[in-house]
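Participant: Give me a model of this one.
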Amino acid sequence: MKRTITTVLALVGVLTLGALEARASDNQSDSTTTLKVKLALLEKLGTDALRVDVDTNGGDVHLGGTVRERETAELASTITRSVAGVQSVDNDLEVRGTPDTVGGAVAEGENEVKDAMLESRVQLELIDKLGSDGFRIGAEVASGVVTLKFPADLSAGRRDEARSAARAVDGVAEVIWVEQR
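Facilitator: Numbers count the residues shown, from 1 in each chain. Down below sits the predicted model:
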């Protein structure tokens, strides 16, 4: 009887661990899909994609936020469906036309798109090179300068790997880092 209870408890433990590992894998896959969708939208939509929020759950992608034209909202769904890992798209983008401003605002918008694209590429490279640790490292980009945010428990070796991976991404001018609290 004692042996049966122990066996049942061990089996429950194994099944629970398997479910947790599967859920973690799904979360990583969803995070990767979200990054790929954001990058595809930035590449195709430019500055309009900066106001698009992307959330992925089990391959189902939700688009929220605002765009300037109805055609852009429709195109966002098409672009999203073309990304590997996307099962379905729920497009809740709102169309809010805003007049373009000239000069500096246009240049600033272009720079924001470049930085957002570079940030997505860096994050994907971190995930590719460091696996699950890549999800734990934050990356922000401003004018080609990448700021990596390391969790306190990440080893020095993994930090070096992350810095090397970020430097290898085309368009990165400099890599700096901070420790997350």
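Participant: Give the buried residues for stretch 78-85.
Facilitator: I79, T80, V83 (16 or more other CB atoms under 10 Å). (Each C-beta comes from the backbone N, C-alpha and C, glycine too.)
Participant: how about the last one, phi and psi?
Facilitator: This points to V83. Backbone geometry at V83, expressed as degrees, to the nearest 10, gives phi -90, psi 130.
Participant: Which pLDDT value belongs to it?
Facilitator: We note a pLDDT of 89 for V83 in this prediction.
Participant: Residues contacting the lengthiest strand in the chain, please?
Facilitator: For the chain, the strand with the greatest residue count under DSSP state E is strand 60-67. With contact meaning CB atoms under 8 Å, 6 or more residues apart in numbering, strand 60-67 is reached by 33-34, 37, 45, 48, 51-56, 73, 76-77, 80, 86-96.
Participant: and with 10 Å instead?
Facilitator: 30, 33-34, 37, 41, 45, 48-56, 72-77, 79-81, 83, 85-98 (CB atoms under 10 Å, 6 or more residues apart in numbering).
Participant: Could you pick out the buried ones from the residues you listed?
Facilitator: 30, 33-34, 37, 41, 45, 48-52, 54, 56, 72-73, 75-76, 79-80, 83, 86, 89, 93.
Participant: Just those: which are in helices?
Facilitator: D30, T33, T34, V37, L41, L45, T72, A73, L75, A76, I79, T80 (DSSP state H).
Participant: Take those residues and write them to TSV, including distance to V113.
Facilitator: Below are these laid out as TSV (distance: CB to CB, whole Å):
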residue	distance to V113
D30	24
T33	20
T34	17
V37	15
L41	10
L45	9
T72	14
A73	18
L75	15
A76	15
I79	14
T80	17
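Participant: Could you dump those residues into a markdown table and include distance to K129 and pLDDT?
Facilitator: Formatted as a markdown table, the entries for those read as follows, by distance: CB to CB, whole Å; pLDDT from 0 to 100:
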| residue | distance to K129 | pLDDT |
| --- | --- | --- |
| D30 | 20 | 90 |
| T33 | 18 | 93 |
| T34 | 19 | 93 |
| V37 | 21 | 92 |
| L41 | 24 | 88 |
| L45 | 28 | 80 |
| T72 | 33 | 82 |
| A73 | 35 | 83 |
| L75 | 32 | 83 |
| A76 | 29 | 88 |
| I79 | 26 | 86 |
| T80 | 26 | 91 |
